[in-house]
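In: next come a sequence and a model predicted from it.
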Amino acid sequence: MLAVDDERPALDELCYLLDGQDSIERVHAARDATTALRVLRAHSIDAVFLDINMPGLDGLELAGIFTEFAAPPAVVFVTAHDDRAVAAFDLGAVDYLLKPIRVARLTESVQRIVAQRSRPAQEPTRATENTESIPVELGGMTTIVPRSSIGWVEAEGDYTRLHSAKGSHIVRIPISSLETRWADAGFVRVHRSYLVSLPLVTGIRSQGTGYVVVVRANGSSPEAQLPVSRRHVKELKDRLIRDPMQKWSGR
């Protein structure tokens, strides 16, 4: 196991907490990316607990280098900032811990790493699973919400509300950022306040002088009816027609 943080007190605490985990045999430490890469070359490292904000190469950039390894280590980001989660999971992170670290959450992360390493080779890889997930805080606990369960995204200032099969969740990520990052997953802008997941759209119809799109959060009911801006109507209909997997109706 490797802990990376440029701040000595934070690094010492992280190493101490990792040392207390029964399933971890040895913890290496590094205060910058160069040292971390040197440790990775010299030792067999299963996982890296990595700070994001560091001088030189930051944690996200360093994790990007790991993806080029023949056998990349699992990555858990440890940070005081909750607004980099989407970028972290795009890189295939196993987990995303917020400082100050709670022992229970650290244990959960370690258990995820252990479970991942015990999976048969044919099961989905870390990158496949976690690029389709986003961490949310729910009742003081970080919960991983599958992106596939999110039916629509609603803008709330600099925050967004994710509407999923398990309810709604606020995350500190602008809707414009999710629009860009999730475009390849079928999320499209239908209104300045809404993104919808095309696979979960069940219809588009006229209502009064405008249009609404009918969408569901995966496995939930009832369906939601969201306004569609006039400038987005044609694009939305075209996208639904082009995709034979979509079932929709319009008048």
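Out: Everything's here; your move.

In: mind listing what's buried along stretch 176-196?
Out: 178-179, 181-182, 186-191, 193-196 (16 or more other CB atoms under 10 Å). C-betas here are computed from N, CA, C, even on glycine.

In: the domain parsing of the chain - what is it?
Out: The chain breaks down by automatic domain parsing into domains covering 2-131, 145-242.

In: could I get those as a markdown table with mean pLDDT?
Out: Shown next, in a markdown table, are those (pLDDT from 0 to 100):
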| stretch | mean pLDDT |
| --- | --- |
| domain 2-131 | 85 |
| domain 145-242 | 85 |
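
In: show me what S168 bridges to in the sheet.
Out: Beta-bridge pairing for S168 (DSSP bridges): H163.

In: so it makes contact with L162?
Out: Yes: here S168 reaches L162: they are 6.5 Å apart, a contact under CB atoms under 8 Å.

In: so for the two, which sits in the more crowded spot?
Out: L162 (24 against 13; other CB atoms under 10 Å).

In: residues contacting that one?
Out: I134, V136, V145, I150, V153, S168, H169, I170, V171 (CB atoms under 8 Å, 6 or more residues apart in numbering).

In: how about the closest residue to A74 other than its chain neighbours, phi and psi?
Out: Counting by CB to CB, 6 or more residues apart in numbering, A47 is the residue found nearest to A74 once chain neighbours are left out, at 4.0 Å. Backbone torsions of A47, given as degrees, to the nearest 10, read phi -150, psi 150.

In: for A87, what are phi and psi?
Out: phi -60, psi -40.

In: thought it was touching L60?
Out: Yes: counting by CB under 8 Å, L60 is a contact partner of A87 at 5.7 Å.

In: which ones among the buried residues of stretch 176-196 are found in strands?
Out: The members of these that map onto strands under DSSP state E are F187, V188, R189, V190, H191, Y194, L195, V196.

In: any idea how far the fourth one is from S168?
Out: Shown here: V190 relative to S168, a distance of 18 Å by CB to CB, to the nearest Å.

In: hmm, back to that, can you put the buried residues of stretch 176-196 in a markdown table and add distance to S23?
Out: Formatted as a markdown table, those follow (distance: CB to CB, whole Å):
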| residue | distance to S23 |
| --- | --- |
| L178 | 34 |
| E179 | 39 |
| R181 | 33 |
| W182 | 34 |
| G186 | 38 |
| F187 | 37 |
| V188 | 43 |
| R189 | 44 |
| V190 | 46 |
| H191 | 47 |
| S193 | 45 |
| Y194 | 43 |
| L195 | 39 |
| V196 | 41 |
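
In: closest one to S206 out of the residues you listed, please.
Out: Nearest to S206 out of the buried residues of stretch 176-196 is V190 (CB to CB; 14.4 Å).

In: can you give me the strands for the stretch 101-250 of the chain?
Out: Using DSSP state E, counting those that start in this stretch, the strands found in the stretch 101-250 of the chain span residues 133-138, 141-146, 150-156, 159-164, 167-171, 187-191, 194-197, 201-207, 210-215, 224-228.

In: got the CA coordinates for the shortest one in PDB?
Out: Coordinates of each C-alpha in strand 194-197 appear next as PDB, following Å, rounded to 0.1, in the frame of the first residue of the first chain:
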ATOM      1  CA  TYR A 194     -32.000  19.700 -17.000                       C
ATOM      2  CA  LEU A 195     -30.000  16.900 -18.500                       C
ATOM      3  CA  VAL A 196     -31.800  13.600 -19.200                       C
ATOM      4  CA  SER A 197     -30.500  10.100 -19.800                       C
END
